[in-house]
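Engineer: build me a model:
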Amino acid sequence: MDCNVFNPIDLPCGRTIENRLVKAAMYEHMANFSGGPPNEFHYGLYSEWAKHGWGMVITGNVQLSPQHLTLGRDIVVPPALNAEVLKPFERLAEVIHGAVDGTRPLAIMQLSHAGRQSANLIGGRPPFVPPLAPSPVRVGAGYTENRGRGTISDLMFHALFQVPTEMTTLDILYVQSSFVRGALLAYKSGFDGVQLHVAHGYLLAQFMNPKSNIRNDEYSVAPENVTRMLSEIVEAIRKVVPVTFIIGIKINSADYVTSGSAQEASQEGERRVLDHIRTIASWGAIDFIEISGGDYEKPDFMTCNGSQKPDRQAFFAQFSRTVMKDLYRSPVPSPSVPLILLTGGFRSHSHLQAALMSKHADLLGIGRGAVLRPDLPKILRLQLQDSKSSSTWADKPFAHEPEAVFRASEWIPSVKLIGAGVGTAWYTTIMRDIAISQIKNPKADPPPADYSRGGLIAVFKMWVWFDSIIAPIWVLGIFTVLIVTLEVFYQH
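Structural biologist: Predicted structure coming up:
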């Protein structure tokens, strides 16, 4: 395997990624409240990433259903595609492609449907209208690790999430057509491809997960059915886009954990997801698979722990290596084997290099590090060219990570979902700072991260932010009441 992070690599569809560094998807919280198209804040933020030579840039999740939003300010796929509605998406693709140094990052639109994880009040539905899901299983119900978790946690899950309505066959067909519409939106807007979000407990993950899918029909989790929803979507997309259009997926093993001891549950989850990845690879239609982890019931994907052991800096590295070895032993022709994108925990150049050398991944995803250092690829190139300094910077962290600001005040309940969300809020406000700085002066460097901004201040700034289109005072009242709990969810 090529072990230089700046060596190009080919995708099965024939496109080439100029280097292995991928700006991973992050929740941005910048669209109009109740959802909408990309706007000036997105253009400002992505213009900064476009300057610095990332191999691939994946957007934050673009929702397929305005009735299944995450935290209210999501980009949403329009119900019909015409020249007028394409314009803001075309501009976003142009911004991502608009590098100033001759490089051209691949622009990937992440497509998502929240399913049962679309919260009350801010999910885009009227009060007391439940979301759609494979089965009527509410978030937080039946998860072994959450049993006996306490009154506060139970009340939080009940307040945030309703028992979803089980999807009919017509609902399923409509959602599938929505994914196709999303892919066509990306293609017609000039994006190079899409990533289907099949992780973190979102709808496609819910169909493949025995704790959220208890159906008995052709969309059950029986071995012959478990990937049917995803396969039908991928097949339908491939029929309407060119062969060079990139299709990736994001998947994780934590979605599959059901019961048993921690070790048994982890092994069972990995076995199931490995079976699914084998099946997905056998289609010969997927270009890359991103390995991630966690959902709202077990939000590993939102955690940020700087005290990890050095050999576990990439959260899912060992599982990713298992996937790599398995795929290259499979009967799938080598040119059709999806590339593996590993995201999470890379904090220094030596971590990146080790992941490639150890065959943990083909591509290296960086999310929060890309917020703290949008210029990371450029900095790495300069450091590699200066061989004299290589011994001093290889193990040095890219940037200081403000773990202390993620610690909520003592009066906040000890709930994993809340603790994870404080960090997400902090990074969301830093992204907004970058966007605003680029709107004001596109040639200026973004402001340094504000490490004096505490977790609770970040939560407040994340929510108490209005645009010119909607700024009613009653919105502030709602979120003031729910501020402790509703800041909990997203890092993509």
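
Engineer: touching, residue 399 and residue 369? I think so.
Structural biologist: Yes - here residue 399 lies in contact with residue 369, judged by Cβ atoms under 8 Å, at a distance of 6.6 Å. Any C-beta I mention is one placed from the backbone N, CA and C, and that applies to glycine too.

Engineer: out of these two, which sits in the more crowded spot?
Structural biologist: The neighbour count for residue 399 versus residue 369, taken as other Cβ atoms under 10 Å, is higher for residue 369 (21 against 17).

Engineer: starting at the chain centroid, how far to the helix or strand that contains the more buried one?
Structural biologist: Assessed by DSSP states H and E, residue 369 sits inside helix 368-372. Here helix 368-372 is found 14 Å from its chain centre; the criterion is Cα atoms, centre = their mean, to the nearest Å.

Engineer: which strands or helices does that helix pack on?
Structural biologist: helix 416-440 (3 or more Cβ pairs under 8 Å, 6 or more residues apart in numbering; DSSP states H and E).

Engineer: which stretches of the stretch 201-350 of the chain form helices?
Structural biologist: Along the stretch 201-350 of the chain, the stretches classed as helices by DSSP state H, counting those that start in this stretch are 203-207, 228-238, 262-282, 317-329, 349-357.

Engineer: ranking these by burial, who's on top?
Structural biologist: helix 203-207 (a mean of 27; mean count of other Cβ atoms under 10 Å).

Engineer: show me what that one is packed up against.
Structural biologist: strand 132-133, strand 193-198, helix 228-238.

Engineer: mean pLDDT lowest where, among the helices of the stretch 201-350 of the chain?
Structural biologist: Among the helices of the stretch 201-350 of the chain, helix 262-282 carries the lowest mean pLDDT, at a mean of 79.

Engineer: show me where this structure has strands.
Structural biologist: Along the chain, counting by DSSP state E, strands occupy 9-10, 16-17, 21-23, 56-58, 62-63, 75-76, 106-112, 132-133, 165-166, 193-198, 246-252, 288-292, 339-343, 363-366.

Engineer: low pLDDT regions in the stretch 51-200 of the chain?
Structural biologist: By pLDDT under 70, the weakly predicted segments of the stretch 51-200 of the chain are 99-102, 142-153.

Engineer: let's see that with 50 instead.
Structural biologist: Low-confidence segments of the stretch 51-200 of the chain, defined by pLDDT under 50, span residues 144-148.

Engineer: show me where it has helices.
Structural biologist: Secondary structure of the stretch 51-200 of the chain (DSSP H, counting those that start in this stretch): helices at 83-97, 151-160, 169-189.

Engineer: would you turn the ones you listed into JSON lines with distance to residue 282?
Structural biologist: As requested, those are exported to JSON lines (distance: least, Cβ to Cβ, whole Å):
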{"stretch": "helix 83-97", "distance to residue 282": "31"}
{"stretch": "helix 151-160", "distance to residue 282": "37"}
{"stretch": "helix 169-189", "distance to residue 282": "20"}
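
Engineer: returning to what we had before: how about the strands of the chain, which one is nearest residue 357?
Structural biologist: Smallest distance to residue 357 across the strands of the chain (Cβ to Cβ): 11.9 Å, for strand 363-366.

Engineer: got the CA positions of that closest one in PDB?
Structural biologist: Presented in PDB, the C-alpha positions along strand 363-366 are these (Å, rounded to 0.1, in the frame of the first residue of the first chain):
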ATOM      1  CA  LEU A 363      -8.400   7.400   3.100                       C
ATOM      2  CA  LEU A 364      -8.100   9.400   6.200                       C
ATOM      3  CA  GLY A 365     -11.100  11.400   7.500                       C
ATOM      4  CA  ILE A 366     -10.600  14.500   9.700                       C
END
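
Engineer: what is the burial count for residue 140?
Structural biologist: Using other Cβ under 10 Å, residue 140 is surrounded by 18 other residues.

Engineer: what sits against the residue lying closest to it once chain neighbours are set aside?
Structural biologist: Excluding its sequence neighbours, the residue lying closest to residue 140 (Cβ to Cβ, 6 or more residues apart in numbering) is residue 157, at 3.4 Å. Residue 157 makes contact with 138-141, 146, according to Cβ atoms under 8 Å, 6 or more residues apart in numbering.

Engineer: related to what we said a few turns ago, out of the helices and strands packed on helix 203-207, which gets nearest to residue 96?
Structural biologist: Across the helices and strands packed on helix 203-207, closest to residue 96 is strand 193-198 (Cβ to Cβ), at 11.9 Å.

Engineer: between strand 288-292 and that closest one, find me the angle.
Structural biologist: Orientation check (axes from the mean of the first three to the mean of the last three Cα atoms, to 10 degrees): strand 193-198 against strand 288-292 gives 40 degrees.
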